[in-house]
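Q: Generate a structure from the sequence data that follows.
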Amino acid sequence: MKKSIIFVVALLLFSCSSEDTSNNEEAMYFPPIGSSTWETKTISNLGWNQDAVQPLLDYLELKNSKSFIILQNGRIVMENYFNGHTASTNWYWASAGKTLTATVTGIAEQEGYLSINNKVSDYLGTGWTNIPLAKENLITNKHLLTMSSGLNDALGDDVSPANLQYVADAGTRWAYHNVYVKLQDVVSEATGQTWTNYFNTKLRDKIGMTGGAWIQNGGLSVYWSNTRSMARFGLLALNNGKWENNQIINENYFRNATTTSQNINLSYGYLWWLNGKTSYHLPQSQFQFSGSLITSAPNDMYCALGKNDQKIYVIQSKKIVIIRMGNEADSSTFGLSDFDDVLWQKINAVIN
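A: Next up, the predicted model:
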């Protein structure tokens, strides 16, 4: 009799344990390629705070947002559009699209077309800057990925050779500079394909970012897409560069991209911003700020931040991706503003 009781108790414990494990290990969902189908979850299913949803939406609308999405483990929990924007409307990523360039550069490296440790002039030839050859040859693709080229960041968006001037040796100074866009030329030269064609075939089409396009703006190529396409890229980032069973970008490269990349701005990877570090620098400033980039956000978050508050937030510990597109929320002209911190206070009220 005692043996039977012990067996039943053990069986019940095993069943409960198995159920808990299966719930905790729910497979990450990836929306089908070429389909508008996208699985959803509800706030109540997740045990989140429904009462905090409307204050979050009110704040987003007040702050000139056009769209907002939260994914949890790949499934849509919130998807909202404001001020006449729709699910099919394209909007610009601004500098949040730098992470697309970082990703495609990594794909080209894994395919053997280039090395990020090689100097840029190996691909573009000498004279791509207006600095002495010995200094130009110090600049590698990795310096462009990490904003440490040493070129003058105070001369505007023009990246023609005459406007790329020396300030410091590569690797000795961090400065937010649009010279990163030269990586698109490096990829094009290395692969023998146009940047757009290589991007479309190696990244966009493989994860279903349909309808997006690179559009020239003042000499720079800026990506435009609908909000779900941005969410698809965020989901790829959440899964360390893997889409279902297809490793789009080498996992080791992607982890390096979302880890501190140099010892000057600890909150910067390969064109990704990193939260939870002990200090950070901001665009057009050499001042080092103490503390975390966005204090109210999770410490393990990495993010793509663009002008006028375009946002991709990725939090692996919570299996969450958050997208915000719109006009500038406040008076900030750069990718980061106090909007991030207040927005995260509102998000935390929902998800915690």
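Q: Walking through the protein, point out its strands one by one.
A: 65-72, 75-81, 91-92, 213-217, 220-225, 242-243, 246-247, 273-274, 279-280, 289-290, 302-306, 310-315, 320-326 (DSSP state E).
Q: okay, the ones you listed in CSV with distance to Phe199 and mean pLDDT next?
A: C-beta: built from backbone N, CA, C; applies to glycine. CSV is the format used below for those (distance: least, Cβ to Cβ, whole Å; pLDDT from 0 to 100):
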stretch, distance to Phe199, mean pLDDT
strand 65-72, 22, 98
strand 75-81, 25, 98
strand 91-92, 16, 98
strand 213-217, 7, 92
strand 220-225, 9, 94
strand 242-243, 15, 98
strand 246-247, 17, 97
strand 273-274, 21, 98
strand 279-280, 29, 98
strand 289-290, 33, 96
strand 302-306, 16, 97
strand 310-315, 17, 98
strand 320-326, 20, 98
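Q: Let's have those in TSV, adding mean neighbour count.
A: Formatted as TSV, the strands of the chain follow (neighbours: other Cβ atoms under 10 Å):
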stretch	mean neighbour count
strand 65-72	24
strand 75-81	19
strand 91-92	18
strand 213-217	13
strand 220-225	20
strand 242-243	18
strand 246-247	12
strand 273-274	25
strand 279-280	18
strand 289-290	10
strand 302-306	24
strand 310-315	25
strand 320-326	25
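Q: Relative to Ala27, which of these is closest?
A: strand 75-81 (10.6 Å; Cβ to Cβ).
Q: Sketch out the low-pLDDT regions of the protein for me.
A: 1-24, 331-337 (pLDDT under 70).
Q: same thing but at 80, please
A: 1-25, 218-219, 331-337 (pLDDT under 80).
Q: Going by residue numbers, what spans are helices in it?
A: 2-24, 43-46, 53-62, 98-110, 121-124, 133-136, 141-145, 182-191, 195-199, 205-207, 227-238, 251-257, 338-351 (DSSP state H).
Q: As CSV, the ones you listed with mean neighbour count and distance to Asn327 would be great.
A: Formatted as CSV, these follow (neighbours: other Cβ atoms under 10 Å; distance: least, Cβ to Cβ, whole Å):
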stretch, mean neighbour count, distance to Asn327
helix 2-24, 9, 40
helix 43-46, 13, 27
helix 53-62, 15, 12
helix 98-110, 24, 20
helix 121-124, 18, 35
helix 133-136, 14, 38
helix 141-145, 25, 29
helix 182-191, 21, 26
helix 195-199, 18, 26
helix 205-207, 16, 27
helix 227-238, 24, 14
helix 251-257, 18, 28
helix 338-351, 19, 11
